[in-house]
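Engineer: Whatever this is, show me its structure:
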Amino acid sequence: DDNDDDDDNNNGTTATTTNMNIMTYCMPVSIGPPKLWALSMFKDTKTRELFLHNGHDHDDSGNKTPKQGILQLLTKDHAALVPILGKSSGRDIDKEQACSEAGWKWASPSSTDSYCQQVIPSCSLYLQVQVVESEQGEQPIMMDAGDHWVVLCQVINTGEWDTVNHCIRWRTLEDDDDTPPMSPIDGIGDNAMYSGWLRQEGHL
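Structural biologist: Model prediction:
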């Protein structure tokens, strides 16, 4: 599952919304550093539109930074969200409201209200990713794969859900540069929701 934010500052202020969808394919492509992942996105999705064609994010100082998103590895407890996130478009439904009605209210990943994106609580793993841009200009490195775009992203942070503070507990990769990008996934346990389990249970 991937989440992206959309900024609108036509009146000098910033209003941020989050969109989420089920990613078709996500995989590590380097041990790093930098730790790089390839994300495969359907071309005709709101998430792709926000992630690739909506300018830049901004840091705390107002400087432009490449677009960012949060990959969320859902658990089997989140199975009811698959039709909402994977079989519906954010252009047609309010995914935040639908998830809330299904019992999963979106939350800020930060203990403060300043963080713009929202996430689904209690995921097995969170990966904060940033689009890798070409050296020639501010364009994402991506490849046309027919009905998908394959986008190169750098993993900036990995995190786990903090049930006490109801937010993500981030672990910066700079503190653990020798850890291969797949290692956090190797130890998440049996409750992570993978496509094989979804097919077995009839969700796909």
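Engineer: Next secondary structure element downstream of the least confident helix or strand in the chain by mean pLDDT?
Structural biologist: Least confident helix or strand, the chain: helix 183-186 with a mean of 50, by mean pLDDT, DSSP states H and E. Toward the C-terminus, helix 183-186 is succeeded by helix 195-200 as the next helix or strand (DSSP states H and E).
Engineer: tell me which residues in that next one are buried?
Structural biologist: residue 198 (16 or more other CB atoms under 10 Å). In this view, the C-beta of every residue, glycine as well, is placed from N, C-alpha and C.
Engineer: quick one, strands of the chain?
Structural biologist: 2-8, 15-21, 25-28, 36-42, 57-58, 64-65, 68-73, 125-131, 142-145, 148-162, 167-172 (DSSP state E).
Engineer: would TSV of these with distance to residue 90 be doable?
Structural biologist: Converted to TSV, these look like this (distance: least, CB to CB, whole Å):
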stretch	distance to residue 90
strand 2-8	10
strand 15-21	4
strand 25-28	19
strand 36-42	12
strand 57-58	19
strand 64-65	23
strand 68-73	14
strand 125-131	19
strand 142-145	20
strand 148-162	17
strand 167-172	22
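Engineer: And the pLDDT for the closest residue to residue 119 other than its chain neighbours?
Structural biologist: Closest residue to residue 119 apart from its sequence neighbours, by CB to CB, 6 or more residues apart in numbering: residue 109 at 4.8 Å. On pLDDT, residue 109 comes in at 88.
Engineer: Residue 109: how many residues sit nearby?
Structural biologist: When neighbours are defined as other CB atoms under 10 Å, residue 109 has 24 of them.
Engineer: if I pick it, what's in contact with it?
Structural biologist: Residue 109 sits next to 70, 115, 117, 118, 119, 126, 159, 167, 168 when contact means CB atoms under 8 Å, 6 or more residues apart in numbering.
Engineer: about what we covered before: can you redo the strands of the chain as JSON lines with mean neighbour count?
Structural biologist: JSON lines is the format used below for these (neighbours: other CB atoms under 10 Å):
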{"stretch": "strand 2-8", "mean neighbour count": "20"}
{"stretch": "strand 15-21", "mean neighbour count": "20"}
{"stretch": "strand 25-28", "mean neighbour count": "14"}
{"stretch": "strand 36-42", "mean neighbour count": "20"}
{"stretch": "strand 57-58", "mean neighbour count": "16"}
{"stretch": "strand 64-65", "mean neighbour count": "11"}
{"stretch": "strand 68-73", "mean neighbour count": "23"}
{"stretch": "strand 125-131", "mean neighbour count": "22"}
{"stretch": "strand 142-145", "mean neighbour count": "14"}
{"stretch": "strand 148-162", "mean neighbour count": "20"}
{"stretch": "strand 167-172", "mean neighbour count": "17"}
